[in-house]
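# next input, structure requested:
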Amino acid sequence: METQRNISEFILLGLSDDNNVQIFCFILFLLCFVALLVGNSLILVSILFRPLFHQPMYYFLIQLSFLDICYTSSVTPKLIGDLLEGTKTISYDYCMFQVFTMHFFCSIEIFIITTMAFDPYVAICRPLHYMMIMNRTKCNFLILAVWVGEFSHSFPQLSMTMHLPFCGPNEINHYFCDIFPLLKIACIDTYRTSVLLLVSSGVMTLVVFVILYLSYAIILFTLGNHSAEGRHKALSTCASHISVVVLFFGPAIFFYLRTPTTFPEDKVLALFYTIITPVCNPLIYTLRNTEMKNAMRKVWSHILFSKETYS
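Take a look at the predicted model:
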């Protein structure tokens, strides 16, 4: 089947037509994007310049921060530019790029969050085997498997989207190119494609969520045999992870475990995994983590004092 398209660009309807709302969103999202870049960059530098890099949890946290920057940067700058300039057109090629990067990086983030939950599970439930299970070779293999696996999962979705015929209306009721809004304006019946995409992404999301739920349930059950100090530290770590899971998986479950259609609320919920969660991740993983706060304080104190010495 050859791709049939008579249009070279789409029009993104955005979040609102109200000028005051657009100004408010521009300021808000610009601040959020700057905070996201600064927060995740601080985490990356702090871990890379401290021995924390050799610990599995912080090795995965680097991956998470990198992914937050990557997939948010594929959507947010365009959104901010549209709100500032008032133009909301997007080329066909850039639209397909957004479809691929959003699903590719978001899917990888789902499994990175899962591996980060696996680390405390092993540390609490299998402490004597921790170094053997979570050694660097296995962590590297796990990360490689996630990237390769998600490319294999995301590329067919992009292929199906690119083979859709677009020959009529080119208005997308969203602030970025996503699969389901694009299916709505295709020139053919896309019900089967929608169901296929829902099964593919929905089953993956549900299975991962169930695994995470079971792992935290086992951790909480096992904590009954630990000291009060050990329970407090483990609960603090788990609370951070659970916060991320709720923010990220809540909208994902709403999108992919339902009938293949679109709702006005989709755009608002999409803000959680495109902007809000990536902004919150640095706060969640640093404010509740004493080791991470100490590492950041030492790294940046050293950098600032070094600059003062040479000035």
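
# and Asn40, how many neighbours?
Asn40 has 25 neighbours, counted by other Cβ atoms under 10 Å. Every C-beta, even on glycine, is put in place using the N, C-alpha and C of the backbone.

# my read: it touches Asp68, true?
Yes - the pair Asn40 / Asp68 is scored as a contact, 5.3 Å apart, by Cβ atoms under 8 Å.

# so what sits against both of those two?
Both Asn40 and Asp68 are in contact with 278, 281, where contact means Cβ atoms under 8 Å, 6 or more residues apart in numbering.

# so how far is Phe221 from Val99?
Distance, Val99 to Phe221, using Cβ to Cβ, to the nearest Å: 41 Å.

# which one's more surrounded, the two?
The residue with more neighbours, out of Val99 and Phe221, is Val99; 22 against 10, by other Cβ under 10 Å.

# go ahead and confirm Cys9 touches Tyr92.
No, residue 9 isn't Cys; it's Glu. Yes - Glu9 is within contact range of Tyr92, at 6.2 Å (criterion: Cβ under 8 Å).

# which non-adjacent residue is nearest Leu61?
Tyr285 (6.0 Å; Cβ to Cβ, 6 or more residues apart in numbering).

# how about Thr89, phi and psi?
phi -90, psi 150 (degrees, to the nearest 10).

# Phe105 reaches Phe66, doesn't it?
No - counting by Cβ under 8 Å, Phe105 stays clear of Phe66, with 9.4 Å between them.

# which one's more surrounded, these two?
Phe105 (22 against 17).

# next one, pLDDT for Gln98 please.
pLDDT for Gln98: 90.

# how far away is it from Thr89?
13 Å.

# out of these two, which sits in the busier spot?
A direct count of neighbours by other Cβ under 10 Å for Gln98 and Thr89 places Gln98 higher, at 18 against 13.

# skip the chain neighbours and tell me the closest residue to the more buried one.
Gln98 sits nearest to Cys177 (Cβ to Cβ, 6+ apart), 4.2 Å away.

# secondary structure element for Asp266?
Using DSSP states H and E, Asp266 maps to helix 265-271.

# contacts for that helix?
By Cβ under 8 Å, 6+ apart, helix 265-271 touches 15, 173-176, 178, 180-181, 250-251, 254-255.

# looking at these, which are in strands?
In strands, defined here by DSSP state E, there are no members of the contacts of helix 265-271.

# which strands and helices lie in contact with whichever strand or helix holds Ile80?
For Ile80, the element it lies in under DSSP H and E is helix 76-85. Counting contacts by 3 or more Cβ pairs under 8 Å, 6 or more residues apart in numbering; DSSP states H and E, helix 76-85 packs against helix 19-48.

# list the buried residues of the helix it packs on.
Of all the residues in helix 19-48, those buried under the rule 16 or more other Cβ atoms under 10 Å are 22, 25-26, 29-30, 32-33, 35-37, 39-40, 42-44, 46-47.
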